[in-house]
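In: build me a structure from this.
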Amino acid sequence: MKTTKVTQRITLVWITGVTVISLCCGNAWGRNVLALDGSSDRAVASDTVHPAGSSLQTFTAEAWFYAQDNLTFILTDDAYDIILLYQSGASNNGVGISFRLWSSSSSVSINEFRDVTMNAWNHVAVMFDATTKDMTLAINGNIGSAGTYSRSDFYTDGDQDFAVGGVSMSSSSTFNGYIDEVRVSNVVRYTVDFTPALTLSSDAQTMCLYHFDEPVGSTSFSDSSSNGYTLTGVANAQIVSFGVTPPEILALNLSTGETMQISWSSVEDQVYNVYYSTNLSDGFSILQSGITATPPMNTLPDTVQGTSMKFWKVSVEE
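Out: Residues are numbered from 1 along each chain as shown. Now for the predicted structure:
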């Protein structure tokens with residue numbers, strides 16, 4: 001599952017007598033993502049990306065996804081599909097991933113019912129090694145057993161293009177939820193279990209890369225590789241902001257010689273944790289957790305007696 005759960009602001013404070021100097025810095029998490037409503041939505045390139053052509057070619061295709069329904073496409077191209085599965089009675093409450101490779105005459109699939117959580121962020125990567133013909137599937141960094149692609153070619157279709165959340169020329173089984181950080185590479189990226197990067201990077205092996213960080217409402221999605229495979233939204237596919245509203249520490253008031261009143265911006269229905277530190281090299285400790293929002297501002301007291309320096313941060317429970 002995607003681990004970007006903490007949205008926070010950190011305020012640094014130097015206390016000398018009653019003089020308080022605060023410097024606010026933030027690493028507030030909040031990112032734009034591709035939203036698809038399951039009703040014909042998808043994002044489509046104007047061509048096949050990779051593999052391209054009928055010869056066997058090594059590749060990795062990966063994405064972060066937040067699914068609100070199953071039996072839908074995550075990524076597709078001429079030669080492969082990544083599908084969110086549901087099968088009654090299967091492991092993991094019936095939810096899994098299918099990695100399907102197509103030849104000119106038939107297909108070969110790996111279906112794994114594990115590790116995927118609905119209504120949460122998950123990472124999927126599928127890999128094919130053209131030398132060994134091994135096809136592998138990684139879900140949230142856990143690589144399953146390799147399967148063998150027993151065909152000698154890849155399917156190719158001049159009418160089909162790379163697509164996110166569906167098949168380029170079909171409105172059936174389109175994805176319902178959110179997709180972020182899509183990358184296709186011409187190498188096998190992962191051979192052992194790994195921690196998926198929250199933001200994927202481009203290198204010489206990157207065939208396409210989409211961060212979906214365009215402004216909210218955008219329906220054209222740029223390729224951050226050097227190859228220019230721009231995606232176009234179909235139906236209602238568009239950029240939305242996904243995440244929580246980051247709290248901002250608004251005031252630090254030394255109400256007495258021993259008590260600091262910490263005030264931060266708050267939003268209805270959010271729950272906050274406040275942390276403190278007297279030495280950043282030692283990290284933060286919890287001051288109070290599970291604080292219910294009292295919009296537009298929350299305030300919490302903390303003792304500063306005998307302290308020459310103290311740091312606070314506020315995070316949102318998501």
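
In: tell me how far the nearest residue to Tyr149 once chain neighbours are set aside lies from Pro215.
Out: Excluding the flanking residues, the one nearest Tyr149 by C-beta to C-beta, 6 or more residues apart in numbering is Lys133, at 4.7 Å. Heads up, the C-betas are built off the backbone N, CA and C, glycines and all. As judged by C-beta to C-beta, to the nearest Å, Lys133 and Pro215 stand 43 Å apart.

In: what does Ile179 give?
Out: Distance, Ile179 to Pro215, by C-beta to C-beta: 17 Å.

In: of those two, give the one with the bigger neighbour count.
Out: Shown here are Ile179 and Pro215; by other C-beta atoms under 10 Å, Ile179 has more neighbours (24 against 8).

In: partners of the helix or strand hosting the more buried one, with directions?
Out: Element membership of Ile179, judged by DSSP states H and E, is strand 176-185. Strand 176-185 has the following sheet partners, assigned by DSSP bridges: strand 31-37 (antiparallel), strand 59-67 (antiparallel), strand 206-210 (antiparallel).

In: in a markdown table: those strands, plus distance to Ile74, mean pLDDT and mean neighbour count.
Out: Shown next, in a markdown table, are those (distance: least, C-beta to C-beta, whole Å; pLDDT from 0 to 100; neighbours: other C-beta atoms under 10 Å):
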| stretch | distance to Ile74 | mean pLDDT | mean neighbour count |
| --- | --- | --- | --- |
| strand 31-37 | 10 | 93 | 23 |
| strand 59-67 | 6 | 97 | 25 |
| strand 206-210 | 13 | 98 | 23 |
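
In: distance to Asp302 for the ones you listed - can I get that in JSON lines?
Out: Shown next, in JSON lines, are the strands paired with strand 176-185 (distance: least, C-beta to C-beta, whole Å):
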{"stretch": "strand 31-37", "distance to Asp302": "31"}
{"stretch": "strand 59-67", "distance to Asp302": "36"}
{"stretch": "strand 206-210", "distance to Asp302": "43"}
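
In: quick one: which of those is nearest Ser170?
Out: For the strands paired with strand 176-185, the distance to Ser170 is smallest for strand 31-37, at 14.0 Å, taking C-beta to C-beta.

In: can you give me how far the helix or strand that comes right after the closest one is from the chain middle?
Out: Going down the chain from strand 31-37, the next helix or strand is strand 42-44, by DSSP H and E. Relative to its chain's centre, strand 42-44 lies at 18 Å (C-alpha atoms, centre = their mean, to the nearest Å).

In: what's strand 42-44 packed up against?
Out: Packed against strand 42-44 by the contact rule (3 or more C-beta pairs under 8 Å, 6 or more residues apart in numbering; DSSP states H and E) you find strand 31-37, strand 163-164, strand 231-234.
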